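Engineer: need a structure here:
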Amino acid sequence: MSPRPSPAASATPPLLADLLQQHFDPASSEPNNQQLYRLLRDAILQEALPPGLRLPSSRQLAAELGLARNTVIHVYERLGAEGYVSAGVGQGTFVLDTRPDKLASRDAPGPARPAPATPEAAISRRGAELVEQAGAGEKQWGAFMPGVPEVRTFPSRTWMRLHNRQWRKPQPDLLTYAVGPGLPALRSALADYLHSSRGVRCTPEQIIVTNGSHSALQLIALLLGDAGDTAWVENPGYWGVHSVWRSAGLATLPVPVDNEGLQVDEGARLGVPKLIYASPSHQYPLGAVMSLARRRRLLAYARRHDSWIVEDDYDSEFRYGHPPLPSLQGLDDHGRVIYLATFSKVIYPGLRLGYMVVPEALVECFQTGLSELFRGGQYLTQAVLADFIAEGHFVSHIRRMRHLYAARREALLSAIRQHFGDSLAIHDGAAGLHLVLGLPEGSDDRAVAAAALARGILTRPLSAYYRGDAAHLPGLLLGYAHVDEDDIARHFATLAGAIGL
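Structural biologist: Purely as a prediction, here's the structure:
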């Protein structure tokens, strides 16, 4: 604090008088107290009112500005509470010395460094890589955005009724901090569902509820991997795995896939990984189903080399023409598979709830890790979801959507045949919410996707899902789940114009 001048001064200092005369406007729409506070604060920060300056008394300033004295008192008290001035009854109000130059000269000699001129100069190497390789798009709704379910037919009235029923119960434990791996009722309902529909072998205790698949992937990386450890990821594959795991310090290695799924022998040439990411029931994005022989080969490799397999079962509920395939986890007799799923595709993406099934040996550390890093949460929503599953609404909704998606898929296939016959390959595995339309060898699928966007059609180029120097198949990911069946032919005709074959 700078020394105070003589208290003899009673008139408004010229610097302050000029400031108020030029800038204080009683007719302004800004409240008088806020306007006066802003002017004094900014003048102190910009040193237009220097440290040590004595401000006029609240009575004097109020009279000069035509304000109520309490307005000025309130402003002085606020400035004092925030450290701009010191004030004491009968002692006057003085501008405090808050300049950083003394601290700078003592701790960091030399001129201050300017703020980064560009984002690239500000963020870390890891951050730059994350931003450069980001796959999330700004637009998430419209033909033919892949990975988007139909949300307009969700049974919202049923959901609201279940939600209101929970609110009518006095349950503070649903609204406070969550420190466990998920609501017991939801974990129990999920264990029953997974056993009957996906062939997953687990107890409710093995289920860890998360805020979506990215939270699960991050927790897996932090608990099972150290910085520099390697992880196999399907190529082409889900971009989010690379983003999350690389930001956690893992080195992701792209491993090619074929019509039987992840090529284990090709991965083995890259070295032994700590983690292996695979989508065996419906490979993303090409749709291959991992053969039984390949599944057993992958399980044997993980067991032999002490690797963990992360099985992403993101949309296996939607298969057309035959029942969903049992999970890879159901074949695992040695506790090497972490089963990963989400409600984004089967309910709606904004729910932001997913879950893992972890081997029994990992249950305690994953429960603790979740509570320590993410605190869990959304227990009220989890209670609604538990009721939704237990009362049969979940399975009924999946059944309805499977029928709806099958019809929309068939409409898209028909539109493709109408424009291109059998000249373009189609990859989808008769499952999921999208298909991949292959393009002729040498095509620039990114340019085609950009041309489609200019025509109002959303799609993703297949080449964007590849990493490394592997040969890329050109193609387009076409999501059909949220596109009305009657509109598919019209939208695809627009896309066909962008493809231009």
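Engineer: with adjacent residues omitted, what lies nearest to the residue most central in space within the chain?
Structural biologist: Centroid-nearest residue in the chain: residue 214, 6.9 Å away (criterion: C-alpha atoms, centre = their mean). Nearest in space to residue 214, with sequence neighbours left out and distances taken as C-beta to C-beta, 6 or more residues apart in numbering, is residue 244 at 5.4 Å. (C-beta placed from N, C-alpha, C; glycine too.)
Engineer: doesn't the residue nearest to the centre of the chain fall inside a helix?
Structural biologist: Yes. The assignment for residue 214 (DSSP: H, G, I helix; E, B strand; the rest coil) places it in a helix.
Engineer: that one touches residue 245, doesn't it?
Structural biologist: No. With contact defined as C-beta atoms under 8 Å, residue 214 does not reach residue 245; the gap is 10.3 Å.
Engineer: re earlier: could you list every residue that touches the residue nearest to residue 214?
Structural biologist: 214, 217, 218, 221 (C-beta atoms under 8 Å, 6 or more residues apart in numbering).
Engineer: gap between the closest residue in space to the second one that isn't next to it in sequence and residue 209?
Structural biologist: The spatial neighbour of residue 217 that comes closest, neighbours along the chain excluded (C-beta to C-beta, 6+ apart), is residue 244 at 4.4 Å. In this structure, residue 244 and residue 209 are 18 Å apart, going by C-beta to C-beta, to the nearest Å.
Engineer: again with residue 197
Structural biologist: With C-beta to C-beta as the criterion, residue 197 and residue 209 are 18 Å apart.
Engineer: of the two, who's got more company?
Structural biologist: Neighbours per residue (other C-beta atoms under 10 Å) separate residue 197 from residue 209, with residue 209 holding more: 26 against 17.
Engineer: the helix or strand harbouring that one packs against which elements?
Structural biologist: Applying DSSP states H and E as the criterion places residue 209 in strand 207-210. Applying 3 or more C-beta pairs under 8 Å, 6 or more residues apart in numbering; DSSP states H and E, we find strand 207-210 packed against helix 184-197, helix 213-224, strand 354-357, helix 363-373.
Engineer: I'd say residue 463 and residue 474 touch.
Structural biologist: Yes. Contact criterion C-beta under 8 Å: residue 463 and residue 474 qualify, at 6.3 Å.
Engineer: anything in contact with each of the two?
Structural biologist: Residues touching both residue 463 and residue 474 (C-beta under 8 Å, 6+ apart): residue 445.
Engineer: surely residue 75 is in a helix?
Structural biologist: Yes. According to three-state DSSP, residue 75 belongs to a helix.
Engineer: counting contacts, what elements does whichever helix or strand residue 489 is part of pack onto?
Structural biologist: Applying DSSP H and E as the criterion places residue 489 in helix 485-499. For helix 485-499, the elements it packs on are helix 393-420, helix 445-454, strand 475-479, judged by 3+ C-beta pairs under 8 Å, 6+ apart.
Engineer: could you report the neighbour count for residue 180?
Structural biologist: With other C-beta under 10 Å as criterion, residue 180 counts 14.
Engineer: and it, how far from residue 388?
Structural biologist: Distance from residue 180 to residue 388, counting by C-beta to C-beta: 20 Å.
Engineer: count the neighbours of residue 401 for me.
Structural biologist: 21.
Engineer: distance of it from residue 151?
Structural biologist: As judged by C-beta to C-beta, residue 401 and residue 151 stand 10 Å apart.
Engineer: residue 302 now?
Structural biologist: Going from residue 302 to residue 151 by C-beta to C-beta gives 36 Å.
Engineer: and these two? Which one has more around it.
Structural biologist: A count of neighbours by other C-beta under 10 Å puts residue 302 above the other of residue 302 and residue 151, at 21 against 14.
Engineer: what sits against the more buried one?
Structural biologist: Counted by C-beta under 8 Å, 6+ apart, residue 302 has contacts 276, 308, 309, 336, 337.
Engineer: kindly recompute the last result at 10 Å.
Structural biologist: Neighbour list for residue 302: 264, 272, 273, 275, 276, 308, 309, 332, 334, 336, 337 [criterion: C-beta atoms under 10 Å, 6 or more residues apart in numbering].
Engineer: repeat for residue 335
Structural biologist: So residue 335 contacts 303, 308, 329, 358, 359, 360, 361, 362 (C-beta under 10 Å, 6+ apart).
Engineer: tell me the SS of it?
Structural biologist: Residue 335 ends up coil, using three-state DSSP.
Engineer: do you know how far residue 281 is from residue 235?
Structural biologist: Distance from residue 281 to residue 235, counting by C-beta to C-beta: 18 Å.
Engineer: okay, those two: which has more neighbours?
Structural biologist: Neighbour count, other C-beta under 10 Å: between residue 281 and residue 235, residue 281 has more, with 25 against 22.
Engineer: wait, the more buried one sits on residue 327?
Structural biologist: Yes. Assessed by C-beta atoms under 10 Å, residue 281 is found in contact with residue 327 at 6.8 Å.
Engineer: quick check: neighbours shared by those two?
Structural biologist: Common neighbours of residue 281 and residue 327, using C-beta under 10 Å, 6+ apart, are 198, 311, 313, 316.
Engineer: skipping its backbone neighbours, what lies nearest the first one in space?
Structural biologist: If you skip the residues right next to it in sequence, residue 198 has residue 327 as its closest partner in space, 4.9 Å away by C-beta to C-beta, 6+ apart.
Engineer: quick one: contacts for the one you found?
Structural biologist: 194, 197-201, 280-281, 295, 311, 313, 316, 337, 339, 341, 357.
Engineer: switch the cut-off to 8 Å
Structural biologist: Contacts for residue 327 (C-beta under 8 Å, 6+ apart) come out as 194, 198, 199, 200, 280, 281, 311, 313, 316, 339.
Engineer: pLDDT wise, what is it at?
Structural biologist: pLDDT recorded at residue 327 is 94.
Engineer: how much space separates it from residue 235?
Structural biologist: Counting by C-beta to C-beta - residue 327 and residue 235 are separated by 22 Å.
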